[in-house]
Every structure is written in structure tokens, then in C-alpha cells.
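> turn this into a model:
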Amino acid sequence: MNRKLLLLLALTTLSGAVHAERYRCQDANGYYAFSDKPCGPAGATEDASAQQQANSSPAGEAYTKDMPAMRSPDPATQACFSHVNTTARFPDPSTTRLLSGTRKWVAVKDVGGRQMVSIGVTSKNEAGMYIGVQFFDCLLMGDNLTVNTGAYELLEPSD
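Residues are numbered from 1 along each chain as shown. Sure thing, here's the model as predicted:
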């Protein structure tokens with residue numbers, strides 16, 4: 001009986017913390033930070049709790065808010081994004097955004113080691129909502145800046 005009472009007390013106490021006020025503050029550079037205290041006079045204040053409820057949608061549906069694009073991608077990541085943007089079929093190519101980009105080394109058959117750029121991209125659908133993130137890989141040529149548009153075969157890493 002005491003365990004049930006303790007569990008009920010813990011759940012009741014935690015529910016207050018879950019519904020605490022959250023604020024999204026923007027600094028002079030345009031970066032956002034979240035806090036449980038209202039923003040100072042230098043930044044704009046929004047109630048993040050209300051915004052989170054407005055942005056949330058049922059599973060499988062896209063968000064209606066704009067997704068932030070990646071800031072200052074390196075030239076190889078930008079080249080991969082340009083290649084993907086021209087070759088992949090997006091519902092609305094004019095709204096395609098680069099969200100992330102990483103590099104890794106891979107072994108290519110008959111070539112050797114090359115760098116591969118992996119990017120995350122999103123675009124709006126016909127209804128004007130973002131469709132979520134799609135991931136693409138681009139193999140770079142020997143200069144590590146140009147995207148290889150030809151066929152290639154990756155070798156499995158040996159353990």
C-alpha cells in the first residue's frame with residue numbers, strides 16, 4: 001500500500017514540472033535559447049509551451065513551421081546539396097533546405113579511400129508543409145570538393 005502511495009505522490013509531483021513555463025529567447029545574432037525564466041529586454045520572448053503545442057502534429061504529418069537551414073556549409077557539403085537538389089525529385093524544389101552535413105572516409109573498389117558527404121535535406125510538399133528529413137550520400141572525387149556522379153562500389157569495412 002505504501003508503494004502505491006509513493007508512486008502516486010511521485011507522479012503528482014512530476015506532473016507540475018512537466019507543465020512548467022518554457023520560454024524561447026532570441027539573441028541579437030538570431031540564435032535561440034530555451035529557459036524557464038522570461039527573456040530579458042534584449043531578446044524577444046515567446047512562450048515555448050504554447051509554440052510546442054502549436055507545432056505538434058499527429059504522427060506522420062509534417063510541421064507547418066519553417067525548418068532552419070544549415071548555416072555556412074563547407075564547399076563539399078554545398079556541392080552535394082546542389083547535386084541532390086538537381087537530381088532528386090522533391091515536391092517543391094524551390095523550398096529545398098540543407099539541414100545537416102557530415103563527412104566520413106570510405107573505401108571505394110578499384111579507387112581506394114575517398115570522402116563521402118552525408119546530408120539531411122527537406123522540402124515543402126504541395127500543401128506547403130515540410131515533408132521531414134531525407135538523407136543522401138555523395139561520394140567526393142580526389143579533390144574532396146567535386147561530387148562523383150558516376151557509378152561506384154563501396155567496400156565493406158573489415159573488422
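
> would you say residue 117 is within a helix?
No: checked against DSSP: H, G, I helix; E, B strand; the rest coil, residue 117 lies outside a helix; its state is strand.

> kindly provide the distance from it to residue 83.
Distance, residue 117 to residue 83, using CB to CB, to the nearest Å: 10 Å. C-beta: built from backbone N, CA, C; applies to glycine.

> next one: residue 131
From residue 131 over to residue 83 the distance is 20 Å, taken as CB to CB.

> what is the end-to-end distance of stretch 127-139?
33 Å (CA to CA, to the nearest Å).

> which of the residues in that stretch are buried?
Across stretch 127-139, burial judged by 16 or more other CB atoms under 10 Å covers 130, 131, 136, 138, 139.

> quick one: average confidence on the helix or strand hosting residue 79?
Following DSSP states H and E, the helix or strand that holds residue 79 is helix 75-87. Throughout helix 75-87, pLDDT has a mean value of 91.

> with stretch 123-131 instead?
86.

> try stretch 95-108
If you average the pLDDT values across stretch 95-108, you get 90.

> now it - C-alpha only, PDB.
Below are the C-alpha coordinates for stretch 95-108, written out as PDB (Å, rounded to 0.1, in the frame of the first residue of the first chain):
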ATOM      1  CA  THR A  95      11.800  25.200 -50.900                       C
ATOM      2  CA  THR A  96      14.500  22.600 -50.500                       C
ATOM      3  CA  ARG A  97      16.800  23.200 -47.500                       C
ATOM      4  CA  LEU A  98      20.000  21.700 -46.300                       C
ATOM      5  CA  LEU A  99      19.700  20.800 -42.600                       C
ATOM      6  CA  SER A 100      22.900  18.800 -41.900                       C
ATOM      7  CA  GLY A 101      26.100  17.600 -43.400                       C
ATOM      8  CA  THR A 102      28.900  15.300 -42.300                       C
ATOM      9  CA  ARG A 103      31.900  13.700 -43.900                       C
ATOM     10  CA  LYS A 104      33.400  10.300 -43.500                       C
ATOM     11  CA  TRP A 105      36.100   8.200 -45.200                       C
ATOM     12  CA  VAL A 106      35.000   5.200 -47.200                       C
ATOM     13  CA  ALA A 107      36.800   2.600 -49.300                       C
ATOM     14  CA  VAL A 108      35.800   2.500 -52.900                       C
END
